[in-house]
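> What follows is a predicted protein model with its sequence.
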Amino acid sequence: MSPDPQPMDHRQRLELARRIARRLAARYNASLKAIGLYGSVARNQDGPYSDIEMFCVLKEPGETRNFEWCAGPWKAEVNVRGEENLRGLAARLDERWALTHGAFVRVLPLMDPEHYFAGLQELVMHHAPEDFRLLIEEGLIDDMYERVGKIRNAFVRQQYQALPTLAVLLAQRTAYILGLEHRHLYQTASSLLDEAIQFPNLPEGFTSLAHLVMGGRLSDAALVESACDTLWAGLVRWADERSYTLVTPEEIPF
């Protein structure tokens, strides 16, 4: 059988997921805590060629592994984790939180007698405002400042072939920061920018750059560099309005 994605409807994909769940139940038996779907199938937004993504939660720390396979016309992934291990992942706050942690919140249980997945949802959002603030400041300095420097270097050196990739990354990282600011969990990477431009009080230049990226209009080097510079200036003003600290009070802080 050749590896070639074939169209399948939501009902068929759910039945496959239930078959996989029965195999997991037989394999792990009394060690099994819960099984749930995440991703587009859990949200009932799967397309005809979507894959199946599942959590298999075990009561003991034990086995931690990913089963990821292609069955020919369809593909599936099962993340096997101990219950505390998965709780730790759900509770983690990092720069990609807005993109990655929707998986822990939007779970469709296939077997969850103790409502384990509802507890994951609480962990995802339990962080203090100061935790988000520190992470946003780090992202603006450690990532965005450096990325704008790379864009300017590429333009000055006439390395125009690098600008489209750098512009995409700048728009994407800005969306991560905006997701943290608004405590918003994006549905998918493909909808990231489309969701982000719906926020109120956006940094000046973000919507314009996002539209350039989403429309694939990245061949004009001067336009791309200008859009990135406009966004950076907008981000600096946006950060200042919210009292984010971007410059250390001392030139060398040690």
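Noted; the coordinates are in hand.
> pLDDT of stretch 77-89, averaged?
Averaged across stretch 77-89, pLDDT comes to 96.
> and that stretch, how far from the chain's centre?
17 Å (Cα atoms, centre = their mean, to the nearest Å).
> what about stretch 7-15, average pLDDT?
For stretch 7-15, the per-residue pLDDT averages 96.
> which residues touch that stretch?
Outside stretch 7-15, the residues that touch it by Cβ atoms under 8 Å, 6 or more residues apart in numbering are L16, V41, N44, D46, P48, Y49, S50, I52, P73, W74. All C-beta atoms are positioned from the backbone trio N, CA, C, and that covers glycine.
> from these, which would you call buried?
L16, V41, D46, S50, I52, W74 (16 or more other Cβ atoms under 10 Å).
> which SS class is the second one?
Here V41 is coil, with the state taken from DSSP: H, G, I helix; E, B strand; the rest coil.
> That one contacts L110, correct?
No: at 10.6 Å, V41 and L110 do not qualify as touching, with contact defined as Cβ atoms under 8 Å.
> got any residues that touch both of the two?
A17.
> Just put the contacts of stretch 7-15 in TSV and tack on distance to D94.
As requested, the contacts of stretch 7-15 are arranged in TSV below (distance: Cβ to Cβ, whole Å):
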residue	distance to D94
L16	32
V41	25
N44	28
D46	27
P48	33
Y49	30
S50	26
I52	26
P73	35
W74	31
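> Let's see which of those residues end up in strands.
I52 (DSSP state E).
> now, the most widely separated pair of the contacts of stretch 7-15?
N44 and P73 (20.9 Å; Cβ to Cβ).
> The closest residue to P61 other than its chain neighbours: neighbour count?
Sequence neighbours aside, G82 is the residue nearest to P61 in space, at 4.1 Å (criterion: Cβ to Cβ, 6 or more residues apart in numbering). Each residue near G82 was counted by other Cβ atoms under 10 Å, and the total is 18.
> Might one say that G82 is in contact with C56?
No: in this structure, G82 is not within contact of C56 by Cβ under 8 Å, at 10.4 Å.
> And T64, what's its pLDDT?
Here the pLDDT value assigned to T64 is 88.
> For the most centrally placed residue in the chain, what is the enclosing helix or strand?
Geometric centre of the chain, nearest residue: L99, 1.8 Å, by Cα atoms, centre = their mean. Using DSSP states H and E, L99 sits within helix 97-100.
> ok, now Y28?
Element membership of Y28, judged by DSSP H and E, is helix 10-28.
> so how far is that helix off the chain centroid?
The chain centroid and the centroid of helix 10-28 are separated by 25 Å under Cα atoms, centre = their mean.
> ditto for stretch 64-74
21 Å.
> can you give me the helices in the stretch 151-254 of the chain?
Ranges of helices in the stretch 151-254 of the chain, per DSSP state H, counting those that start in this stretch, are 163-182, 192-196, 206-214, 221-241.
> circling back: return the member of the contacts of stretch 7-15 nearest to T174.
Taking Cβ to Cβ as the measure, T174 sits nearest to S50 out of the contacts of stretch 7-15, at 27.2 Å.
> and that closest one, what does it touch?
Neighbours of S50 in contact, by Cβ under 8 Å, 6+ apart: R13, G39, S40, V41.
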